[in-house]
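> Here is my input; please provide its structure:
(2 chains)
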Amino acid sequence: MAHLQLKKLVKRYPNGFEAVHGIDLDVQDGEFMVLVGPSGCAKSTTLRMVAGLETVTGGEIRIGNQVVNTLAPGRRGIAMVFQNYALYPHMKVKNNLSFGLRLAGRPKDEIEAATAEVADILEIGQLLERLPKELSGGQAQRVALGRALIKKPEVFLFDEPLSNLDAKLRASMRVRITDLHRRLKEEGRPATVIYVTHDQTEAMTMGDRICVMKEGHIMQVADPVTLYDKPDNAFVAGFIGTPEMNLMPAELSIAGAHTLKVGSQTISLDASLSARIKSTGDVSKVTFGIRPQHFHLVENGTPDTLTGEVSALEFMGHEVYLHVNVEGNSLIVVVPGEEYDPSKVRGSKVTLKVNEARAHVFDRESGKNISLT
Amino acid sequence: MTIATTNVSTVEEMERVNQMIARRHKINSVIRYVLLIVVGFVMLYPLIWLIGASFKTNSEIFSNPGFWPKEPTISGYVKGWQTSTPYTFGHFFWNTFLIILPKTVGTCISATLVAYGFARFEFPMKKVFFSLLIATLLLPNVVTRIPQYLLFRDMGWLDTFLPLWVPSALAGDAFFTFMLVQFLRGIPRDMEEAARVDGANSLQTLWYIVTPLLAPALISVALFQFMWTMNDFLGPLIYLSSVDKFPVSLALKLSIDTTEAFDWNQILAMSVLAITPALVVFFVAQKYFIEGISSGGVKG
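Residues are numbered from 1 along each chain as shown, chains lettered A, B, ... in the order given. Reported below is the predicted structural model:
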């Protein structure tokens, strides 16, 4: 059982800088967990603590039922894939793969069988006699993956493994890794995975659950759909989704009819949003969040709309990106190509109707979503 | 038709330009090589003369300024090898070997261990210790001669090989440690981390992963230590007093001391033999040696 738990995990460096501030995370057996966040959010540090490559300042790491805080990396039942592959440059591919097993003193025929099996799974059989410098990026990445796989670990750790590959290879490796994870599960030896990336596309497409981090704190842990539809806070809302969610300062009034004031423009909210809002004060400063896809271009003069000026227009074919300035906020509006009607962009003005069922309201101070059901 | 003629003239034009470039390239390299050969010859002339003169008779050395012997003879080698002592020159070579082997092997092992510690581990007072190490680099050798002599005398190590190799074999040569530290700092740590995840402890990581990566630098270390020890004169002069323990460097001096009329051809012949091992080793390891000193601290 490789149920992985982080309890109040803290990392503080000797110079006093605290990188990880007591995070809690539960990764279920066989789960594919993605740690995602902007650079400097301590996702890699967290992973390296799980691997045993960084010391733990406070808290607890449990793999299965064992606390592994002070255990050497080799004894934790983990395998890790590094960003720049970290293949041993002086060893042939087959020796790279079998290094761990040879260190453990396993019998020769067992090592050979394991190497052959892994080479078969990853289709690197023809590369076994080569040196790492004779491999392409994608091949090296597969060997690195094989070196992790051959140990049959309980927990796989990936540290931005695809960021050195070009876009096309990255897409195919993404599928290969998720495929492998599914296959292991079907074969009855599920592997727990922690996968670190800064690329939210990778996070959304690969993860069973995603843990969004910021400056050493966990902002939200949820499955991709929840993360996209019900972000806990403005940070997650802004981080997940392409193009990112529009966030603009607004004033919420719930005395009588719910209204939202953006600069000098006021919209009264319909039930799909107002019923969700939990607010204590009558008037409060909030951040209004709408994804670029959740606007409609409407006729001028329609009630409860936002009016703004188009500052730029990007025609992508299947959709059109409008950069709209509303009361000093630069918004991005995505209009499907076939719905795009130039007549609604009069001069440089547009009128936008918000799909309120998909909009969110965040407390401006704490960033918390106050419109969750 | 017009198109065809245009093509022909374009092709001719291109060929003409290509030929011009090729000719210029040839002239360029001729000048370059001539210059290099001339300068190289000037630099190497003393060595060439030395080898030529070792085959001359004693009288011809002073009468014939050219390097080509008129009546080549190997008597210088034969007599020089016998020496004026009860030992042949082979004995002195053996002595040198007995110093060089433990010194070079010991330096490689100890300097690697110490450099690995400084480059990869955090421990209290690390900065102070490293500064001390660098400080010993800046200390002139002469300053430590007398205290060292007194120390080794009290240990009863005088007239043995021990004072000549033990300090170096215990990472006493700060230069080599420093060189390896710099080289190690240029090697990314990922591979060592991968090895640790694969279950290797610190020493296994050092042996299986770091040492192979360090190989070019280690070859430089071994080569430097080999050449410097081969050429070391002062060390053996201070610590060794019995002739049967003399290494080659002292033995060469010996033949000048004990012979009334200097047999220069014998001295020159033995000098040629004395520099041969260093030359051979250098040429064999040249490729790695250059890699070792040029890539240190730059990349892994």
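
> Please enumerate residues in contact with the helix or strand of chain A with the lowest mean pLDDT?
None of the helices or strands of chain A scores lower by mean pLDDT, DSSP states H and E than helix A:271-274, at a mean of 86. Applying Cβ atoms under 8 Å, 6 or more residues apart in numbering or on different chains, the external contacts of helix A:271-274 come out as A:254, A:257, A:258, A:356, A:357, A:359, A:361, A:371. C-beta: built from backbone N, CA, C; applies to glycine.

> Keep only those of those residues that are in strands.
Per DSSP state E, strands hold the following members of those: residue A:361.

> Out of the contacts of helix A:271-274, which end up buried?
With burial judged by 16 or more other Cβ atoms under 10 Å in any protein chain shown, the buried subset of the contacts of helix A:271-274 is A:254, A:258, A:356, A:359, A:361, A:371.

> Take these and write them to JSON lines, including pLDDT and distance to chain B.
Shown next, in JSON lines, are the buried ones among the contacts of helix A:271-274 (pLDDT from 0 to 100; distance: Cβ to the nearest Cβ, whole Å):
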{"residue": "A:254", "pLDDT": "83", "distance to chain B": "54"}
{"residue": "A:258", "pLDDT": "86", "distance to chain B": "54"}
{"residue": "A:356", "pLDDT": "90", "distance to chain B": "49"}
{"residue": "A:359", "pLDDT": "92", "distance to chain B": "45"}
{"residue": "A:361", "pLDDT": "92", "distance to chain B": "45"}
{"residue": "A:371", "pLDDT": "88", "distance to chain B": "44"}
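
> quick one, what contacts the closest residue to residue A:266 other than its chain neighbours?
Spatially, and ignoring its direct neighbours in sequence, residue A:266 is nearest to residue A:259 (5.4 Å; Cβ to Cβ, 6 or more residues apart in numbering or on different chains). By Cβ under 8 Å, 6+ apart, the contact list for residue A:259 reads A:252, A:253, A:266, A:267, A:268, A:269.

> Quick check: pLDDT value at residue B:3.
For residue B:3, the pLDDT comes out at 55.

> Counting by contacts, list what the one helix or strand residue B:225 maps to packs against.
Counting by DSSP states H and E, the element that carries residue B:225 is helix B:211-231. Applying 3 or more Cβ pairs under 8 Å, 6 or more residues apart in numbering or on different chains; DSSP states H and E, one finds that helix B:211-231 contacts helix B:89-120, helix B:174-185, helix B:248-258, helix B:264-294.

> mean pLDDT for those: which is lowest?
Lowest mean pLDDT within the helices and strands packed on helix B:211-231: helix B:248-258, a mean of 78.

> Now do it and helix B:264-294, the angle between them.
160 degrees (axes from the mean of the first three to the mean of the last three Cα atoms, to 10 degrees).

> who touches residue A:191 in this structure?
A:2, A:30, A:153, A:154, A:155, A:156, A:181, A:184, A:185.

> if we go to 7 Å?
A:30, A:156, A:181, A:184 (Cβ atoms under 7 Å, 6 or more residues apart in numbering or on different chains).

> Kindly reformat those residues as TSV and extend each row with neighbour count and pLDDT.
Listed next are the contacts of residue A:191 as TSV, based on neighbours: other Cβ atoms under 10 Å in any protein chain shown; pLDDT from 0 to 100:
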residue	neighbour count	pLDDT
A:30	18	91
A:156	24	94
A:181	21	92
A:184	18	88
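
> Specify which member of those is nearest to chain B.
Distance to chain B across the contacts of residue A:191 (Cβ to the nearest Cβ) is lowest for residue A:156, with 11.0 Å.

> hmm, back to that, mind checking how far the residue nearest to residue A:266 is from chain B?
Distance of residue A:259 to chain B, given as Cβ to the nearest Cβ, to the nearest Å: 56 Å.

> what pairs with that residue across the strands?
Residues in a beta bridge with residue A:259, per DSSP bridges, are residue A:253, residue A:268.

> Tell me which residues touch the residue in the stretch 51-200 of chain B that chain A sits nearest to, please.
In the stretch 51-200 of chain B, the residue that lies nearest chain A is residue B:199 (2.9 Å; Cβ to the nearest Cβ). When contacts are counted by Cβ under 7 Å, 6+ apart, residue B:199 is found next to A:74, A:100, A:103, A:104.

> per-residue confidence for the last one?
Yep, that's residue A:104 we're talking about. So, for residue A:104, pLDDT stands at 90.

> one step back: which of the helices and strands packed on helix B:211-231 is buried the deepest?
Stretch with highest mean neighbour count among the helices and strands packed on helix B:211-231: helix B:174-185 (a mean of 21; mean count of other Cβ atoms under 10 Å in any protein chain shown).

> Are it and chain A in contact anywhere?
No: residues of helix B:174-185 contacting chain A under Cβ under 7 Å from any Cβ of the partner chain: none, with a closest distance of 14.6 Å.

> Just checking, which helix or strand succeeds that helix along the chain?
Counting by DSSP H and E, what follows helix B:174-185 is helix B:190-197.

> So which bits of that next one are buried?
Buried, per 16+ other Cβ under 10 Å, within helix B:190-197: B:190, B:191, B:192, B:193, B:194, B:195, B:196, B:197.

> Please put the alpha-carbon coordinates of that helix into CSV.
The C-alpha coordinates for helix B:190-197 follow below in CSV (Å, rounded to 0.1, in the frame of the first residue of the first chain):
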residue,chain,number,x,y,z
ASP,B,190,21.3,15.5,-10.6
MET,B,191,23.2,12.3,-11.4
GLU,B,192,24.3,11.9,-7.8
GLU,B,193,20.8,12.5,-6.7
ALA,B,194,19.5,9.9,-9.2
ALA,B,195,22.1,7.5,-7.7
ARG,B,196,20.9,8.2,-4.2
VAL,B,197,17.3,7.5,-5.2
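
> Identify the residues contacting it?
Under the contact criterion Cβ under 7 Å, 6+ apart, helix B:190-197 has outside partners A:51, A:53, A:73-74, A:78-80, A:82, A:84, A:86, A:88, B:205, B:208-210.

> ok, these vs residue B:77, which is closest?
Ranked by distance to residue B:77 (Cβ to Cβ), the contacts of helix B:190-197 are led by residue B:210 at 45.1 Å.

> number of nearby residues for that closest one?
Residue B:210 has 21 neighbours, counted by other Cβ atoms under 10 Å in any protein chain shown.

> Tell me which residues touch it, please.
Residue B:210 makes contacts with B:116, B:192, as judged by Cβ under 7 Å, 6+ apart.

> what comes up buried for stretch B:115-135?
B:115, B:116, B:117, B:118, B:119, B:120, B:130, B:133.
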